[in-house]
Each structure stands twice: as structure tokens, then as C-alpha cells.
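> What follows is a predicted protein model with its sequence.
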Amino acid sequence: MKRVRAEVLSVRRLGAYHVLTIVAPEVAERARPGQFLSVAMPPHRAFLLRRHFSIHQASRRGGWAGTLEFAVEAQGPGTRWLAEVKPHRFLDVIGPLGKPFAYPARLTNCLLVCEGHGGAPISFLAQELRARGKRVDMLIGGATHDHVFKPIEAKRMAQTIRIATADGSMGEPGSVADLLPEMVEAVGAQVVYAAGPREMLRRVAELCVERRIPSQVALEERMACGMGQCFTCVVPVIRKDGSGYDHLRACTEGPVFNPARILWDRWMGEAPEPAPTPPEGFPVVRSWPG
Amino acid sequence: MKRVRAEVLSVRRLGAYHVLTIVAPEVAERARPGQFLSVAMPPHRAFLLRRHFSIHQASRRGGWAGTLEFAVEAQGPGTRWLAEVKPHRFLDVIGPLGKPFAYPARLTNCLLVCEGHGGAPISFLAQELRARGKRVDMLIGGATHDHVFKPIEAKRMAQTIRIATADGSMGEPGSVADLLPEMVEAVGAQVVYAAGPREMLRRVAELCVERRIPSQVALEERMACGMGQCFTCVVPVIRKDGSGYDHLRACTEGPVFNPARILWDRWMGEAPEPAPTPPEGFPVVRSWPG
Amino acid sequence: MAGVKPTMTVDLAGVAFPLPVLAASGCLGTGGEPTVVDLRRLGGVVTRSLTLEPRRGAPTPRMAETPSGLLSWTGLQNPGVEGFLVEDLPRLEQAGVPVVASIAGGGVEEFLRVTSLLQHRPGIVALEVYLGAPDEERGRGRPFAARLDRAVEVVGAVARMSRLPVFAKLPYLEPDLVETARACVRAGAHGLTLIGGVPGLAVDAERLRPELAAPIGLLSGPAIKPIALAAVHRVARELPEVPIMGVGGIATGRDAVEFLLAGAWAVQVGTAMLIDPAAPVEIARGILAYLKDKQLESPAALRGRLRVPGTSP
Amino acid sequence: MAGVKPTMTVDLAGVAFPLPVLAASGCLGTGGEPTVVDLRRLGGVVTRSLTLEPRRGAPTPRMAETPSGLLSWTGLQNPGVEGFLVEDLPRLEQAGVPVVASIAGGGVEEFLRVTSLLQHRPGIVALEVYLGAPDEERGRGRPFAARLDRAVEVVGAVARMSRLPVFAKLPYLEPDLVETARACVRAGAHGLTLIGGVPGLAVDAERLRPELAAPIGLLSGPAIKPIALAAVHRVARELPEVPIMGVGGIATGRDAVEFLLAGAWAVQVGTAMLIDPAAPVEIARGILAYLKDKQLESPAALRGRLRVPGTSP
Ligand SMILES: Cc1cc2nc3c(=O)[nH]c(=O)nc-3n(C[C@H](O)[C@H](O)[C@H](O)COP(=O)(O)OP(=O)(O)OC[C@H]3O[C@@H](n4cnc5c(N)ncnc54)[C@H](O)[C@@H]3O)c2cc1C
Ligand SMILES: Cc1cc2nc3c(=O)[nH]c(=O)nc-3n(C[C@H](O)[C@H](O)[C@H](O)COP(=O)(O)OP(=O)(O)OC[C@H]3O[C@@H](n4cnc5c(N)ncnc54)[C@H](O)[C@@H]3O)c2cc1C
Ligand SMILES: Cc1cc2nc3c(=O)[nH]c(=O)nc-3n(C[C@H](O)[C@H](O)[C@H](O)COP(=O)(O)O)c2cc1C
Ligand SMILES: Cc1cc2nc3c(=O)[nH]c(=O)nc-3n(C[C@H](O)[C@H](O)[C@H](O)COP(=O)(O)O)c2cc1C
Ligand code: FES
Ligand code: FES
């Protein structure tokens, strides 16, 4: 990972997103799909922490060599600030961070599933898989048609593509997870990749475990540092030997995980937990049985 | 006082200052020299409190009717933000606040003394005194020639004017307070008005008390609200009956005070105080003998 | 969606406040000053803490700005009970806003005398005992709240005398906040106001001096919101029957909702009102919008609804 | 002006730190992770608090952003002493940075076993006893620091065993901070680290849940700077001979200078390093610039130089 002062080349509106192109050759050179960037906020703000964004594009060749793209969905103060950044401003960027998606060695049929801004890394992945001669099929979704990430580009890259929106304003109504079982059959998916909201990822995980399809998901967990220092971004992941689980950092041991090993209930806060001992104002360490 | 959404018409660089012109008819109508404005800071900043500025100009007639001017000396984050505000942006402004300078009824020879951004209210006052047919003489100073506030305009309004700068880059080297005794004699000052740093004001006060010249000074004390609500802005002022002193709010009972009644030592933190009782983490109320 | 029309009235210890948003003590002068705040649109006004005699308070400087916070110590400057009754109360009464009188004193006796002078005055609906006030009698200037026995003594004495509901206002205490709150309630407090700021220091590195003459001040504003929320949550969980006024860093309707969810029955607004005199009005509007959105009938429906994982809702 | 060339070395309890700026516990992983932080340019590294066995820590979410602050609780996740010695210490040693091992445990015994395993390891120059750790033995999960007797017991036991200087790290306590600090020193602590964050709560009003699973976390970052400064000032004034590491909200060289003026001997940087991994380096540079500007020879020359009006300088 590198820390760079990256110039903003452009900010383009894209439906519900703003796509920022920045100049960061050292980062672009190494960036792989699934990895992310961390961007510092401006000084004197009440919001201090860096914000994290999946790498949507890294150009290593041609006229755009050395540039990176990421897509921002403006929600809170940090993303709103970024969406309004002016070209030629410099950003304090660290990247590439985290573990990328692994490419399949032998298997060829890759089904890529995304919802919302999860489309940013998935679209990058589609491109890289295609470059490796894989067959790519895609399921793309979002809250409204504005949230469906780059459907035209997806059509160009994918063999087949289906779209679902929560409000039915584009493609089928509902979640991409509803279309998943059918799609897996239809395209003969051998590997599934997914990025997007937890509920959707969890359903992807369940289906893939059930059908024994190898899969990888890119998660988002709140990150204070994004660089492995603070341990605020952990995800409960079952150990390889099955002897329990560990809290792994989404920023360094992720954000790409094997969904079969994630303790989804626990991660999503639905595990039946013992009532917390009275913290009396101080946090309490709770031991979590493996 | 009124609270208004005021459009910024222009921001002009003026030496070390930025002069902002805003549209605020209801405020402009009532504004008098010595009064001030309070300006809200933008959201999501680590600096929250309103900032306060003397009214430098209030146009009630002509093409600029309904506009107000104030001069900002960029020092900290709040004033730096204001100095960079773009025209047509709206500011949340409350004003006019505080007690204005009183105009003399019979006396005619007014000596006006200022240093730094104290020139902003003093220049407004000069204009109003002239409009009332008074003789105005001025002493203007600052750290460097860049800090001498509108000397050309002052020359137009004043019978005589002398300038002093700390670094000697304009007028005489030193403080305006050094020139004061001479100037008082030379112009036959009957009333003295002053605005600027405490050290200077205090010397003005001493001279005026000694020579029994009526005088008024505009003070700056830290203000959390500027509207009389919080009592953070007080100044120790001797009671009229001499029976002790009160803590008067600079924002409502000032910022213009009779300097003869200010306990300068105490205000400037130089009064010999009893050692504070151990606060043990909590502030301690200390009673201050009158 | 059936349009629920929430009522905003809240009842704390038998006092009905028309809105769950009050002006916090010390942030609206004594309440009688002319101000851009529209008193009629407040749920209530807590007065500046009142002592028997006028107090001049701490020397200046009295404030410093800190990251997302305000550090201040005015040292209980106030016009004294008489001054308040003559100068300020009439205007508050005329506005028809419920007045909570914040009472202070250097010792128990003073608290009692202030209580006796205030409790029969029309317009005053409750008393708030300021336990952050320095105990000049037995505490060498430390606040009454710093010693459990003294807090209990003051609150107990006032509660026994008072015909009005009594709220005990506590500064931030660690780790004994819950214990002190409980002791105040046992001693007779009908409700609690949490919290009154956190001690802090600001340093002027250029002049090698504290920014405040005090030199320690109380930190308020958004910076302390998480601290105040934790305080309210902890006490409300242990004392769910006791009316709590939540205060500390509330600047938006959403902030207020967070306090209500954490267990407050109503909220007070201090620093935010110094910045935006209309803040309490906006905050009340925000609570109303939230209630409508969630189809809830009153602020009380939010009380303590925070779902802590692993505990029943 | 005669160019004074300040030396930046500071001595705390016999340990010479090359710079007065250390990485605070828990904010540099265990210290062995690859990071953009250049370890060689730190005055020292305080490790994540280490327990005997690996701990998995608290469930997620573990953090929330608050106004000018970070609320977090990781629940002492750490690889255990063995994991640390094998995985992390070698890399720290190789970088040649002084290592302060932060030790934790659920009870006195665990603190002692951790001490015995760490105190002979080369590279470790001091121990920091984390009294914010939950007392699982006798405190029902409240921190050791919440009970004076327990704080004294742990610090005393570690200090008696340890061949290295021992720093007691205290969370924010009100009103008993000075008393607890003094008791820790009497019990054998050679120095103090102040402070370890302030308990806080953040609420997600949409989901009616606390933002943190814990649900209470520790507030850190600029928001708490005034609180930490007051803590350092109060303790330093009472215990001027005791080396204090100041920590809480330090983000700039100027912030660090404020802590040194208030009485700290050195500072630690936590949250700021999560945002800007080079923060400690910049902070050290800022201190140096200040010393040069003021013609002072070392950070020690700033110690407690804060001139409180009415007291002798
Ligand atoms: C690995 C990773 C990749 C991401 N990729 C993208 C992307 O490509 N496009 C995009 O629009 N967003 C992405 N996000 C989410 C993005 O980081 C958050 O939307 C953003 O931080 C919110 O900041 P805010 O100030 O707008 O909102 P606020 O809600 O004010 O943020 C408050 C705090 O919560 C954290 N936070 C809020 N939402 C999230 C979230 N979903 N995930 C992690 N932390 C969060 C923030 O970082 C901040 O610390 C990604 C997050 C992670 C962890
Ligand atoms: C009645 C009055 C009239 C003023 N008129 C002018 C003017 O015409 N032009 C001008 O440039 N400045 C004027 N000032 C000073 C101006 O308010 C401060 O320079 C400004 O608030 C500093 O804000 P900052 O964010 O730049 O600095 P910071 O130092 O970051 O401010 C931090 C805090 O200290 C307060 N503060 C800092 N300096 C002063 C000061 N000198 N007086 C009062 N509070 C201060 C700020 O309001 C803020 O709350 C006036 C102040 C007062 C009280
Ligand atoms: C300038 C100022 C003066 C205050 N004076 C008092 C007071 O006299 N009595 C009191 O109980 N609280 C006083 N407070 C504390 C507030 O009532 C409130 O508890 C605290 O500021 C936290 O709330 P906030 O963050 O909304 O300001 C004062 C606060 C400020 C900022
Ligand atoms: C994510 C995180 C983890 C922390 N973990 C520990 C810890 O394990 N042991 C400890 O003593 N302090 C821990 N702290 C507290 C810091 O060392 C420091 O005391 C506190 O954050 C205040 O300093 P700051 O404002 O510079 O962050 C942690 C702080 C953070 C933000
Ligand atoms: S975000 Fe800090 S360790 Fe992952
Ligand atoms: S600044 Fe609030 S009373 Fe003057």
C-alpha cells in the first residue's frame, strides 16, 4: 500500500453515484478488483475519519495510465463532500488496501452479483475476468434504476445479464438474490462473486453453500483506519480447521471473504447473545463461545 | 436585533483584511457605529460558534441601500473561512448587536483612535460624526502598513490624521498610543473614541482619565453567543456609585464602554489573585472582592 | 399510511411540558433578556442557576472553542433570587412558558433559602438542583455531586421543603454516576437532569496560559454528545421509572431522538441555542417529523426503546 | 537570534525515548503489521493491550464516528502474549523503536503472568498497566480503575514483580482521578498514562440500536482533548515528580505542546494515527519547531510551564 497525494481529474455524475477519477500511478499499478482506497477528509471538520471506497477501475495502459476510479454514493457528510470535490483538487489517498478477489484457475463460468455501489468493484472484476478469458454473467440490482450500476457496460462485458430493482423501476422487482437460483442454473455458474448489502450477500452465501459453488464476497464493515491498525472492522470468520471462529479484519484479511466461512447471524447482530453484564459506563469484554 | 439570511454581494481584499458586503436591509436600517454582527459558521465543522464583527458600513440610502459591510482579519479557521466566502452565498447573520458609540451633544472636537481591525468601526464612526458636523481627527495604526485600515479614506474624512505602525512600514514606528498625548493637544480633542487591542485601549483610557477627557472604547471579549444569553463575554466595570464592580456583558452592555470605569488590570488578567482553590477537576467559583 | 398526529406534550413528575425540548440552564441568560429566541415555542425554560445573593462569577476569559465543543465557566454569575424575581420572571411568565428554576448555593442553607423564595411563585413549575455548583461549605469548592453524602444532603433538604417537583442535575461522574443518581432519587428527587458538562482545560500555547481564567471549564456541545448519551442510558436502564431530562450536545431533532431512545423523557438544549437561537424549535420539529415517520403517538413512545443486542427489546 | 538546537530526547522513569511522541496502545495493531507508519520515526510504540491468551474481543460493529471524535470498543482483541512475542515483537525490535508493552488481564494473576513473560524480552523498555481493562475477577466487568482497591492491587503486584518501569494507564475518572493516580504511584507505579478515553454511546435512530455492539464504547480523538488536558493538568499539579504520558485527542504539534505545558513529560497519539499514519512524525516536528521558536532546549523545558493566573509561574 502507498500513500499518495492524488489529483482529481474528473467527477462524473452516474445515476445515484459520482465517479471520481484520480491520478495515482503507484496505486493504479498494483490495484486489483476487490481492493479499496481510503481517502482523507478535509481539515477542520466534525467528521474526521478517512472514508473507504472500492476501486472501480485502474488504468495501467493507454491514455489514462496511472489513473484510478472509484464510485461514491453520497449518503452522509463525507461522501457528500467527495461528490462535490472539484477537479484539480488533491486528495490524500492510501491504497490499494485489502485482499482482492481471487481469479479461478480452471473454472470458467463466473456469475457476478451486485447491488448498489457493490457494482463498482464487480464491474472492475468482470473486466479482469474477461481479460483472462472467463465467461462472465451478471446480476445487477439496486434500490431504483438510478442505483443500477453501469448496466450498459455490463451488457457489453457479460454473456447474460439480469437486473432487479427494489422499486421495479428497472428489470425485475425485488432483489438480485431472488433471481440467483434461476440464474445459477441458467448460466451454469461455476464460481459466484458478489458485492453489495449484507442481506443480499448472505442469501448468495446460503445458495452457494447449498449448491456447493465456490464463491467470494466483498464486505463492507465500518473501518476507522482501513490499514489494519485499529481492529474496529472485524468480521467473525470460522477457522479453517473448524475449531471455532476468529475476528478477522475486513481491511486487511478482507474485504473479500469466502462467504461459507462467515458467521452471518453473528456478524449481522442477530445471534442470541447473553445479556451484557452491566457496563456501568465502561465497555465490557464479552467472550464469545466459538 | 434581527436574524437574517444575508446574501454576500462582494468580498474585497483590503490590505490585511477582507471586506464583505452583504444584503441585510433590516439590519442596515438600525446599525450604528460600535455595534456588531454575528455570523454563523457552516455546518459539519469542528468550529461551531458564531463569529463577531464590527459593522464597518451601513448604507441606508442610494444604490447600496440595505447593505452592510464588515472587515475580516483572517486569523483562525472561522475568519479564514469567511475571507474565502464566494459572492452570492448566503450567511446567517444576527445584528445589529450591542450598544453603539454615543455621539457628543455639544462637544465638537472628536479624536478617533484605532489599531488593526479596530479601524472598521472607527471609520464608520468618523463618517457619522462628520455627518453630524463634528470635527474629526484620527490616529490610525497597525502591525504593518497592510494593517492600517483605509488611510486614504481617513484622510478624506479627518481634519488631521497620523499613522503609526509597529514595524515602521507606514507613518511613525510604534503604537498610536505613543502619539496620543501630542495629538490630543494638537487637535484640542474634547472627546476620544478608540477601538483596537487592549494594550492600546488601556493607554488611551489612562491618558483620558488623567486629562479628564470623556472617552469611549469598543472592546473585544470572547463571545459564545453575542446576544446576552451565556455571560461568557463579561468585562469588569466599576459601578456608577463606585461601590464595587460588576461583570457586564460586552455583547449587550458593551462592546462600547467608558474606559474610565473598566478595571483594566483585572480584565487583562494581571490582577494579583488568590491562588485558586484546588479545582480537582471542577471549576471553582471564586468571589472577587469589589 | 394512516396519518398519526403525534401529541408533543410530555409529563415529567406531574408537570406537563407542551414540548419535550427545554432551554438548558445558563444558555438563555436568566430568561428575561430580550433575545431572538421565541420563548413561546419552547417546551420550557430552565433558568440560569440562581443563588441567594447576586454573584459576579468568574473572571474573564470565560470561554474557549474546542473541537466540536465549547469550554466555559461563568462561575454562577446571576442576579440573585430577588433580581430574578423582579427582572426576569415576569417576562417569562408573560410568555407563558413553563419555568424550571435552577437553584444553587454555596451550602445547604443557601439552597433552602433559594427554594423557599422560589417555590411559591406562579409560573415556576419545577426546581432543578444544580449539583455541579461548588460546595463552599464542606467541599473546598468541589461540586456537591463529587461527594455522595453532600449530594444527598442538598437534594434531600430541598426535596423535603419543596412543594414543586425537584430535579437533581448531575455533572458527569465516573464511575459513580448511577450510584449518585440513585442516591439522589432515594433522597427525594423526583427526576434527574443529565448531564451538566465535563471538566476540561484549554491551553494557549503562545501565551503559556490556560485559555480560561478559571482555569478549568465545563465542556459542552456536540463533542460531549456520546458521553451524555451514555450517562442517560446507564441511569435510565437502572432507574426506568425516574423522569430524566437529557442534555449534552443536542443540536438537531435527530440528536434529541437519540436521547429519548436512550431513556430521556425530555431534552434540554444549551450550546446549540447559543449558536442558533431557533435550535430548540427546529429540534422539536425534528422530533415531530420522526414520530410521524415512525407512526408513533408521542415522545414517550420512544423512551428507552433502544434495542441492545442480546437484551429483550 | 542564537539558534538553539533542541534535543528531543525525553527521560521518563529512567527510560530514554528518542522523541516525546509515542504511538498509543491499540492504534498501531500489535505493532508488527505492515503499515504506512515509519516505526523508526516514532519515539516509541505502546503495544495493543496484551492478555495471556489470545482474545477475540467484542463483536462488531465496533466503532462509530461522533462529532470530532471516534467511539470504539474492540474488547481487548489481541493475539495473546505468545502470539505477540512470535509475530510482532521481532519486527518492532528490528525497527529499533522502544517498545512499551501494554498489559491487561481479567484478574491480578493474569496481569502477573503477562508481566513475567514480557519483562525480560529485549526491546521492551517499560510496561503500561491498562487499568481500563474489565475486572472479570471481582468487578463484574467494570474496569480495574473504577475501584481504587483493585487498581492498587493490580499496579502494586505488577510493580513488585517488574524489572521494568511501570506506567499505570487510567481511564477518565470523575471526581477521583487524582486520588486514584496518587494511589497507583504509592502502590509502586513509576509513571502514569492519562487518559484512556471516556465512555460514550452512539445511537442509530433509524434502526433503534446502539451503533456499537458493546454497546458502550470509549470516546477518543479531538473531542476529548480538553478533558484529557484537564486530567493531565490536575494530576501533574499534584504529582509533579511523576512522569506522565499525556494522551487524548492529540493531532498536531501544537496539541502536543499544550499537553507538555499542562504537565505531560511525553505524549501518545492514538486516533490521529488512524487518520494520518504520519501524524506522530508531524507532531514531533511541530514540537521541535515550537521549541526552536521559543528558544528552548528540550521538551522537558515545557513541562508544567502553564502559568495559571494568581499562582506563581
Ligand atoms: C471496503 C469498503 C468499500 C466501500 N466501497 C464503497 C464504494 O465503492 N462506494 C461507496 O459509495 N461506498 C463504499 N463504501 C462505503 C463508504 O465507505 C461509506 O458509505 C462512507 O464511508 C460513508 O461516509 P459518510 O460520511 O458519507 O457517512 P456517515 O454515515 O456519516 O459515516 C459515518 C461513519 O461510518 C462509516 N460508514 C458509514 N457507512 C459505511 C459503510 N457502508 N461501510 C463502512 N463504513 C461506513 C464511515 O466511514 C464513517 O466512519 C465502502 C466501504 C468499505 C468498508
Ligand atoms: C464585538 C467584536 C467585534 C469584532 N470586530 C471584528 C472586526 O471588525 N474584524 C475582525 O477581523 N475581527 C473582529 N472581531 C474579532 C473576531 O471576532 C475574531 O477574530 C474571530 O472570532 C476569530 O475567529 P477565528 O475562527 O478566526 O479564530 P479562532 O482563534 O479559532 O477563534 C476561536 C474562538 O475564539 C474567539 N475569538 C478569537 N479571537 C477573538 C477576538 N479577538 N475577539 C472575540 N473573540 C475571539 C472566536 O470567536 C472563537 O469562538 C471582533 C470581536 C468582537 C467580540
Ligand atoms: C455558558 C454556559 C453556562 C452554563 N451555566 C449553567 C448554570 O448556571 N447552571 C447549570 O446547571 N448548567 C449550566 N450550564 C450547563 C448547561 O445547562 C448544559 O448542562 C451543558 O452545557 C450541556 O449541554 P449542551 O451541550 O447542550 O450545552 C451552562 C452551560 C454553558 C455553555
Ligand atoms: C481503536 C482503539 C483501540 C484502543 N485499544 C486500546 C488498548 O488496547 N489498550 C489501551 O490501553 N488503550 C486503547 N485505546 C486507547 C488509546 O490508547 C488512547 O488512550 C485513546 O484513544 C485516547 O487517545 P487518542 O484521542 O489520541 O485516540 C484504544 C483506542 C482506540 C481508538
Ligand atoms: S479498519 Fe482499522 S484494522 Fe481494519
Ligand atoms: S456572548 Fe453570550 S452573553 Fe455575551
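Arrived safely, thanks for sending. The structure displayed is predicted, hence computed values, not measured ones. Ligands and ions are numbered 1, 2, ... in the order given.
> Return the per-residue confidence for residue 285.
Going with chain A. Note for residue A:285: predicted pLDDT of 33.
> nope, chain C
In this model, residue C:285 carries a pLDDT of 97.
> try residue C:2
Reported pLDDT for residue C:2: 58.
> what does chain A have sitting close to ligand 3?
On the criterion CB under 6 Å from any ligand atom, ligand 3 has no neighbours in chain A. Every C-beta, even on glycine, is put in place using the N, C-alpha and C of the backbone.
> could you pull out the helices for the stretch 51-200 of chain A?
A:77-83, A:119-131, A:151-157, A:176-187, A:198-211 (DSSP state H, counting those that start in this stretch).
> Give me the secondary structure label for residue C:70.
strand (DSSP: H, G, I helix; E, B strand; the rest coil).
> which residues does it bridge with?
Counting by DSSP bridges, residue C:70 is bridged to residue C:65, residue C:220.
> Tell me, how many residues neighbour it?
For residue C:70, the neighbour count with other CB atoms under 10 Å in any protein chain shown is 30.
> ok now do it, which residues does it touch?
Residue C:70 makes contacts with B:48, B:49, B:224, C:63, C:64, C:219, C:220, C:221, C:271, C:274, as judged by CB atoms under 8 Å, 6 or more residues apart in numbering or on different chains.
> In CSV: these, plus pLDDT.
Below are the contacts of residue C:70 laid out as CSV (pLDDT from 0 to 100):
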residue, pLDDT
B:48, 97
B:49, 98
B:224, 97
C:63, 97
C:64, 98
C:219, 98
C:220, 98
C:221, 98
C:271, 98
C:274, 96
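> quick one: which of those is nearest ligand 6?
residue B:224 (5.1 Å; CB to the nearest ligand atom).
> before we move on, the earlier item: including neighbour count, could the contacts of residue C:70 go into a markdown table?
Putting the contacts of residue C:70 into a markdown table (neighbours: other CB atoms under 10 Å in any protein chain shown) gives the following:
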| residue | neighbour count |
| --- | --- |
| B:48 | 29 |
| B:49 | 24 |
| B:224 | 28 |
| C:63 | 26 |
| C:64 | 24 |
| C:219 | 31 |
| C:220 | 30 |
| C:221 | 30 |
| C:271 | 30 |
| C:274 | 28 |
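> Can you tell me which of the helices of the stretch 51-200 of chain A is most buried?
Highest mean neighbour count of the helices of the stretch 51-200 of chain A: helix A:119-131, a mean of 24 (counted as mean count of other CB atoms under 10 Å in any protein chain shown).
> hmm, it touching ligand 1?
Yes - counting by CB under 6 Å from any ligand atom, ligand 1 has neighbours in helix A:119-131: residue A:120.
> Contacts for that helix, please.
A:17, A:32-34, A:36, A:53-58, A:70-71, A:101, A:103, A:110, A:112-114, A:136, A:138, A:140, A:142, A:148-150, A:153-154, A:157-158, A:193-196, A:218.
> Buried subset of those, written for ChimeraX?
Listed next is the ChimeraX selection for buried residues among the contacts of helix A:119-131, using 16 or more other CB atoms under 10 Å in any protein chain shown:
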select /A:17,32,33,34,36,53,54,55,56,57,58,70,71,101,103,110,112,113,114,136,138,140,142,148,149,150,154,157,158,193,194,195,196,218
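> Now narrow the contacts of helix A:119-131 to whatever sits close to ligand 1.
Within the contacts of helix A:119-131, those near ligand 1 by CB under 6 Å from any ligand atom are A:36, A:53, A:54, A:70, A:71.
> beta partners of the spatially closest residue to the fourth one that is not a sequence neighbour?
Of all residues beyond its chain neighbours, the one nearest residue A:70 is residue A:53 (4.1 Å), with distances taken as CB to CB, 6 or more residues apart in numbering or on different chains. Under the criterion DSSP bridges, residue A:53 forms beta bridges with residue A:37.
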